[in-house]
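# sharing a model that was predicted from the sequence below.
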Amino acid sequence: MEYRSDTFGGALKGRLLVVRYSSGQDIEVFGVDPQGRLSAPVVGTTGFTGFQQPLDVAEDTANGNLYVTELGASRITLLRPVR
């Protein structure tokens with residue numbers, strides 16, 4: 001999904017967030033240049049690791065919150081930006 005919120009001073013705005021289900025079980029962050037090419041993924045971002053078989057990520061654009069569905073934990077995890 002494309003992160004659209006201005007939280008974090010806009011540091012993640014326009015970046016692609018991709019969950020890794022088995023390898024890593026985390027969220028990778030990709031930048032996109034004006035030609036649509038992806039940058040090398042950033043892995044190990046604080047708060048984006050330690051999931052149990054994550055399936056999807058969704059954003060609440062009003063406040064920047066992320067919701068990660070985890071199959072292995074049978075839950076939806078809320079990630080709130082630190083302001």
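Nice, I can see it.
# which of the three states applies to the residue sitting nearest the centre point of the chain?
Geometric centre of the chain, nearest residue: residue 17, 4.0 Å, by CA atoms, centre = their mean. Assigned with DSSP: H, G, I helix; E, B strand; the rest coil, residue 17 falls in the strand class.
# show me the contacts for it.
Residue 17 makes contact with 1, 2, 3, 27, 28, 29, 30, 48, 57, 59, 66, according to CB atoms under 8 Å, 6 or more residues apart in numbering. C-beta here means a position set from N, CA and C on the backbone, and glycine is covered the same way.
# which of those residues has the most neighbours?
Neighbour counts for these (other CB atoms under 10 Å) peak at residue 27, which has 24 neighbours.
# that one touches residue 68, doesn't it?
Yes. If you go by CB atoms under 8 Å, residue 27 and residue 68 touch, sitting 7.2 Å apart.
# list the buried ones in the helix or strand containing residue 58?
Applying DSSP states H and E as the criterion places residue 58 in strand 54-60. By 16 or more other CB atoms under 10 Å, the buried positions in strand 54-60 come out as 54, 57, 59.
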